[in-house]
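[1] Based on what follows, work out the 3D shape:
(2 chains)
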Amino acid sequence: MTSTVRSVEAEVLSALATVIDPELDEPVTELGFVRSVTIDDNGVEVHLRLPTSFCAPNFAYLMVADAYDALAEVPEAGRVRVLLDDHHDSDKINKGTAAGLGYVGTFGVEAEDSLDELRRTFQRKAHLAAMERCCRSALASGAWTIEELPLLELFDLPVNPLKSALVRRREAIGLPSHPHARVLVDHDGTPIATSDVALRLRLAAATRVSIEGNAHFCRGLLATRYAGTDQATPVVTNSRSHA
Amino acid sequence: MYEKDGERYYVVDGHVHIWDGRASNHRNVHGKQFIDCFYDYHRNLSPEEVVWDYDTYTYYGAERFMKDLFQEGYVDHAIFQATLLRDFYKNGFGQTEEALELTRRHPGKLTYNHAYDPRDGKAGLEQLRRDAERMNLQGVKLYTAEWHGDSRGYKLDEPWSRRYLEECLELGIRNIHVHKGPTIRPLDRDAFDVADIDKVATDYLDLNFIVEHVGLPRLEDFCWIATQESNVYGGLAVAMPFIHTRPRYFAQIIGELLYWIGEDRILFGSDYALWTPKWLVEQFVDFQIPEDLPEYPAITPEQKKKILGLNAAALYGLDVPRQFRLPGEVTGAGV
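    Numbers count the residues shown, from 1 in each chain, chains lettered A, B, ... in the order given. So this is what the prediction gives:
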């Protein structure tokens, strides 16, 4: 019985680990955004938190809605509630997502469109940064020159976290991940011409600096806002009586 | 002015405030959330020894402002940027009248930039004319993603915004500071999107567009448009304090900016009282790109002089004393 109980916890946490902050391109579990997970006989209640009250409500909404979707894939979870704490729009987002109203249903007249395009924009940026990390590493290894880089294939990349991160981000934007797929491509899969490589990599580097820097900033603010609490891991309470 | 190792720096703080975030001025809970958020920025990124207590932070007044900037902060000239937030604060967040009064008392030291909102249409346009005269405006600070009635923000290239920009040209307002950064309710629009700057910068070559917070956290988008437009500048407010907590990250930001937009279009700003200028100026002058970031060349004293003051002085026509100018430079009032 104990092992089953533990596995519900583990499954809930690994489901939450698939929820990504679209701007920071990191899982909410690693960013400290999951405040608590409470499991009881009825279901699971998850509280999320963000670095400030004014973190963009569009991204806040996406993370709450994605957490619902991720937990829906855990059959043992039971009834699921996801609540965003201490945010300017906590009430709206919590009510809207609980009722499955969608983004426009949640914000009513204040929202114009769905967030699909915004999400895509950030998936593309995340891909660009992941691609740059792999290319930079290939150049640093000395095995590739900048002129040869357009020919670099996924097959040529060593199996490591940089490569798996790139593959995940390629899949998110619908790019192929077979071994002979070119690494240095546009977000629609078009290979980058040799004459454009240097400039593209430079712009990709700026994208990487931007995303990483934003993550430093958000982590720091979260730590200050919730000083005195354990920011790294959520408080998990499991009072479930049956397996 | 600041002097170190035989180099003399003329300092323009391009982004300062006098605000009132006290409970007595809160219109609703968002007033408290907003100042608390600012206080977390301050606590998180300041060196420990310069962190203020909360009460002082909510309201510090003109005397403290003058001391922190001009007596202790090495600042020669500072530029107020308006932050009104009338929905959250009874008497506004930024204290317009107090800042104006101070500017009148110290005309050589202070410049006041006010705000407008093109969604106020014709009435706002008339108000802008009156404000320009009364406040002697050379610049404005705009919040394109600010929530306003049923509107989720506006783009600088929309028709009404263009009418306001044309009015700025008429009124001699040359410096358009645009806040592209965290806002109150950006919602479905990406509040940091700088594409609209690209369009108006091309169409209004006699205006300067200063993108505050250098477009962070969309640095790459900002760099890309700034590369194409010679009248787009980057304000370092909010990026500066990383120099203390995350110096490697600061090195990357400043390295990218120098690569893309160059040393002539980057402007120092403390965002006082988010942070105080003294330690920012000291640390910036001491700062160097770490050796293990070979993709960025070393920063020269000349580049630091431009960023800390000479670039902003050129935009605002400030008369920089001869000893602070670069060799061969003609920066000065009326030039």
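[2] any idea of the pLDDT on the nearest residue to A:S90 once chain neighbours are set aside?
    Using CB to CB, 6 or more residues apart in numbering or on different chains and skipping the chain neighbours, the partner closest in space to A:S90 is A:L84 (5.1 Å). Every residue, glycine included, has its C-beta placed from N, CA and C. For A:L84, the model assigns a pLDDT of 96.
[3] go on, A:G213?
    84.
[4] again, but for B:E329
    63.
[5] Now do the contacts for B:Q228.
    Residues in contact with B:Q228 (CB atoms under 8 Å, 6 or more residues apart in numbering or on different chains) are B:D198.
[6] Can you give me the distance of it to B:D198?
    7 Å (CB to CB, to the nearest Å).
[7] ok, back up a step: tell me how far the residue nearest to A:S90 lies from chain B.
    A:L84 sits 14 Å away from chain B, going by CB to the nearest CB, to the nearest Å.
[8] tell me which element residue 62 falls in.
    All of this refers to chain A. helix A:57-72 (DSSP states H and E).
[9] wrong one, chain B
    helix B:61-66.
[10] Just list what whatever helix or strand comes next after that helix packs against, helices and strands only.
    Next helix or strand after helix B:61-66 toward the C-terminus (DSSP H and E): strand B:77-81. Under the contact definition 3 or more CB pairs under 8 Å, 6 or more residues apart in numbering or on different chains; DSSP states H and E, strand B:77-81 sits against strand B:12-16, strand B:110-113, helix B:311-316.
[11] Take the longest one, keep the C-alpha atoms, and write them as PDB.
    Same thing as helix B:311-316. This file holds the C-alpha atoms of helix B:311-316, laid out as PDB (Å, rounded to 0.1, in the frame of the first residue of the first chain):
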ATOM      1  CA  ASN B 311      24.800  59.700 -24.800                       C
ATOM      2  CA  ALA B 312      21.900  61.100 -22.800                       C
ATOM      3  CA  ALA B 313      23.500  64.500 -22.700                       C
ATOM      4  CA  ALA B 314      23.500  64.500 -26.500                       C
ATOM      5  CA  LEU B 315      19.800  63.500 -26.600                       C
ATOM      6  CA  TYR B 316      18.800  66.200 -24.100                       C
END
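[12] list the contacts for B:E263?
    With CB under 8 Å, 6+ apart, B:E263 has these contacts: B:302-303, B:306-307.
[13] Let me have those in a markdown table, extended by pLDDT, neighbour count and secondary structure.
    Below are these laid out as a markdown table (pLDDT from 0 to 100; neighbours: other CB atoms under 10 Å in any protein chain shown; DSSP: H, G, I helix; E, B strand; the rest coil):
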| residue | pLDDT | neighbour count | secondary structure |
| --- | --- | --- | --- |
| B:E302 | 97 | 13 | helix |
| B:Q303 | 98 | 17 | helix |
| B:K306 | 98 | 25 | helix |
| B:I307 | 98 | 25 | helix |
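[14] So for the helix holding B:A62, what gets flagged as buried?
    B:65-66 (16 or more other CB atoms under 10 Å in any protein chain shown).
[15] What segments of chain A are helices?
    Counting by DSSP state H, chain A has helices at residues A:2-16, A:28-31, A:57-72, A:90-98, A:102-107, A:116-140, A:161-172, A:197-225.
[16] closest to B:D319 out of the ones you listed?
    helix A:197-225 (35.8 Å; CB to CB).
[17] just checking, what packs against the closest one?
    For helix A:197-225, the packing partners by 3+ CB pairs under 8 Å, 6+ apart come out as helix A:28-31, helix A:116-140, helix B:29-45, helix B:219-228, helix B:242-245, helix B:247-260.
[18] rerun at 6 Å
    Packing partners of helix A:197-225 (3 or more CB pairs under 6 Å, 6 or more residues apart in numbering or on different chains; DSSP states H and E): helix A:116-140, helix B:29-45, helix B:219-228, helix B:247-260.
[19] okay, the ones you listed in a markdown table with distance to B:R64 and mean pLDDT next?
    Output for those, formatted as a markdown table (distance: least, CB to CB, whole Å; pLDDT from 0 to 100):
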| stretch | distance to B:R64 | mean pLDDT |
| --- | --- | --- |
| helix A:116-140 | 41 | 91 |
| helix B:29-45 | 14 | 90 |
| helix B:219-228 | 33 | 89 |
| helix B:247-260 | 27 | 94 |
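[20] closest one to B:R325 among these?
    Nearest of the helices and strands packed on helix A:197-225 (CB to CB): helix B:247-260, 20.8 Å.
[21] which residues sit in contact with the residue nearest to the spatial centre of chain B?
    Geometric centre of chain B, nearest residue: B:H15, 3.6 Å, by CA atoms, centre = their mean. By CB atoms under 6 Å, 6 or more residues apart in numbering or on different chains, the residues touching B:H15 are B:81, B:235, B:237, B:269, B:271.
[22] what's near enough to touch the closest residue to it other than its chain neighbours?
    Ranked by CB to CB, 6+ apart and with sequence neighbours excluded, the top spatial neighbour of B:H15 is B:G269, at 3.0 Å. Contacts were defined as CB under 6 Å, 6+ apart; by that measure B:G269 touches B:14-15, B:235-237.
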